[in-house]
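Student: A structural model of the following input is requested.
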Amino acid sequence: MTNLKKVMLFCHRWLGFISGLVVFIVALSGCVFCFQDEIQDAMYSYRTVKQQSKGYVQPSELLASVKKAYPKASPDYIYYYGVERPAGVLANLGAEGYEYVYLDPYTAKITYHEKPQTNFFIIVEYIHLYLLLPPAIGKWVVGIAVIIFVVLMITGIILWWPKRKTDRKRSFTIKWGGRWRRFNYDLHNVLGFYATSIALLLAITGLAIAFEPVSKAIYNVANLGRIDYKSEVTEPKSDSLKRSGLAKQPVIDMAFAYARKQVPNAQMFLIHNDPALSGTIGVGAYAKSMHYSHADGFEFDKYNGKLLKTYDYEKKSAGLKLNEMNYDIHVGQILGLPGKIIAFLASLICASLPVTGFIIWLGKRKKGKPKKERIITHRRSRKHQMQKI
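Tutor: The predicted structure follows:
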């Protein structure tokens, strides 16, 4: 082994010790979260509704229903998830936190409500993102561990890659009938090799979710560094001093109607009704229910309903499209159910790598003991057992 590979092996081993536990937890929680929509749909009846011919009620009716149940609530976000799914309103209750309210989108009747932090999969998500630590601390602990894991995958491939062509067939397959140590070694190396490309993709998209600089870097690289796209990520703001021509009907209803007319085939709509900062109301129209890519967007002045900006999906830059696909790529749903299965298996393999790697290290440590030392240790152990008897 060359000196360079010795250094790489040393780094691979000790970086694995440093990040192993965090990687195990993050990868395992990622496995659980991959199918959260399918599992919750199967478990909870409130996640589906019967489609009706009369169409959706207006967003203002949903807000009125929530305000009646929670007078102090500030409904920040409204979701129309699909024709056979409930509408959802995220209500800000101030010091009491948030309440997520599900409503029938055809009648505005509340069907279920919960605090997000009590939902099992939200807890799993926070474990995945922050290890249940304060977000400002947890995201750095997870982020650093993920970066280390990326280094581990690259150094692992370099260290393991077979030199001779004749060894490659043996190296790329698991010896199922072999001894336990060889079987564990193959699990670590062979499965690690096959999962590397997907694991790198999951790691990069995860870092982009946690860290805005990573997201910006992806945006700039995809756009080849061109600066003329910056206007598309600049959010418009209402001039609160110019309130002339106030809308005759709720702006939120006008905004929703306009978005539906412009994107009639959209299956899901997200309305942000948090105008405190920008003074705008925005509507996102998504091509597919429960998928957060392929969206058109519209921003309106909250006072007079004037259209301030349009985000036409076909005109978006490659960088913006890629960033909007980030979540769907990260959980695998960009490819539908097969993609989720691939993401699940890759995450499961990633969770196993710290375990199999630790077992390899233990085996080498035991194997590395001089024979005489092992005999003495064995005799001492036998003597200790005899004394107990």
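Student: give the phi and psi angles for residue 234, as a check.
Tutor: When read as degrees, to the nearest 10, the backbone of residue 234 gives phi -90, psi 120.
Student: per-residue pLDDT, it?
Tutor: Looking at residue 234, its pLDDT is 77.
Student: got it, and residue 34?
Tutor: Residue 34 is given a pLDDT of 92.
Student: so it touches residue 331, yeah?
Tutor: Yes - using CB atoms under 8 Å, residue 34 is in contact with residue 331, at 5.6 Å. Using the backbone N, CA and C atoms, a C-beta is placed for each residue, glycine as well.
Student: who touches both of these two?
Tutor: 340, 343 (CB atoms under 8 Å, 6 or more residues apart in numbering).
Student: what's the pLDDT at residue 118?
Tutor: Value listed for residue 118 in the pLDDT field: 92.
Student: residues near it, how many?
Tutor: 9 (other CB atoms under 10 Å).
Student: all the strands of the stretch 251-389 of the chain, in order from the start?
Tutor: Secondary structure of the stretch 251-389 of the chain by DSSP state E, counting those that start in this stretch: the strands cover 268-272, 280-286, 295-301, 307-311.
Student: run through who's touching the second one.
Tutor: For strand 280-286, the external contacting residues (CB under 8 Å, 6+ apart) are 235-238, 251-252, 255-256, 258-260, 262-263, 266-273, 275, 292-302, 308.
Student: just want the angle from that strand to strand 268-272.
Tutor: 160 degrees (axes from the mean of the first three to the mean of the last three CA atoms, to 10 degrees).
Student: and the third one, by the same measure?
Tutor: Here strand 295-301 runs at an angle of 30 degrees relative to strand 268-272 (the same axes, to 10 degrees).
Student: what sits up against strand 295-301?
Tutor: Under CB under 8 Å, 6+ apart, the answer for strand 295-301 is 235-236, 238, 251, 254-255, 258-259, 262-263, 266, 279-287, 306-313, 324.
Student: give the pairing partners of it; include direction for each.
Tutor: Take DSSP bridges as the rule and strand 295-301 pairs in its sheet with strand 280-286 (antiparallel), strand 307-311 (antiparallel).
Student: what's the most buried one of these?
Tutor: Mean neighbour count, computed with mean count of other CB atoms under 10 Å, is highest for strand 280-286 among these, reaching a mean of 24.
Student: using PDB, write out the CA atom coordinates for that strand.
Tutor: Written as PDB, here are the backbone C-alpha positions of strand 280-286 (Å, rounded to 0.1, in the frame of the first residue of the first chain):
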ATOM      1  CA  THR A 280     -48.000  40.200  -1.200                       C
ATOM      2  CA  ILE A 281     -50.100  37.200  -1.500                       C
ATOM      3  CA  GLY A 282     -48.600  34.400  -3.600                       C
ATOM      4  CA  VAL A 283     -50.100  31.300  -5.300                       C
ATOM      5  CA  GLY A 284     -48.100  28.300  -6.500                       C
ATOM      6  CA  ALA A 285     -49.700  26.000  -9.000                       C
ATOM      7  CA  TYR A 286     -48.200  22.500  -9.100                       C
END
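Student: chain center to it: distance?
Tutor: Taking CA atoms, centre = their mean, to the nearest Å, the mean C-alpha location of strand 280-286 is offset from the chain mean by 22 Å.
Student: what of stretch 83-93?
Tutor: On CA atoms, centre = their mean, the centre of stretch 83-93 falls 21 Å from that of its chain.
Student: likewise stretch 64-74?
Tutor: Distance, stretch centre to chain centre, for stretch 64-74: 30 Å (CA atoms, centre = their mean).
Student: mind exporting that stretch as PDB, just the C-alpha atoms?
Tutor: Extracted in PDB, the C-alpha atoms of stretch 64-74 (Å, rounded to 0.1, in the frame of the first residue of the first chain):
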ATOM      1  CA  ALA A  64     -63.200  32.000   8.000                       C
ATOM      2  CA  SER A  65     -63.700  28.400   9.100                       C
ATOM      3  CA  VAL A  66     -60.300  28.300  10.800                       C
ATOM      4  CA  LYS A  67     -60.700  31.800  12.300                       C
ATOM      5  CA  LYS A  68     -64.000  30.700  13.800                       C
ATOM      6  CA  ALA A  69     -62.400  27.700  15.500                       C
ATOM      7  CA  TYR A  70     -59.200  29.600  16.400                       C
ATOM      8  CA  PRO A  71     -60.000  33.300  16.800                       C
ATOM      9  CA  LYS A  72     -56.400  34.300  17.600                       C
ATOM     10  CA  ALA A  73     -55.000  32.400  14.600                       C
ATOM     11  CA  SER A  74     -53.100  34.000  11.800                       C
END
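Student: show me which positions of that stretch end up buried.
Tutor: The neighbour-count check on stretch 64-74 (16 or more other CB atoms under 10 Å) flags 65, 66, 70, 73, 74 as buried.
Student: what is the mean pLDDT for it?
Tutor: Stretch 64-74 comes out at a mean pLDDT of 91.
Student: can you check stretch 205-217 too?
Tutor: Per-residue scores along stretch 205-217 average to 92.
Student: tell me the buried residues in it?
Tutor: 205, 206, 207, 208, 209, 210, 214, 215.
Student: what does it contact?
Tutor: By CB under 8 Å, 6+ apart, the list of residues contacting stretch 205-217 from outside reads 129, 139, 142-143, 146-147, 204, 218, 323, 326-327, 329-330.
Student: try 10 Å
Tutor: Residues external to stretch 205-217 that are found in contact with it (CB atoms under 10 Å, 6 or more residues apart in numbering): 26, 30, 128-130, 135, 138-140, 142-143, 146-147, 150, 204, 218-219, 233, 319, 322-323, 325-331, 334, 343.
Student: brilliant, that's me finished.
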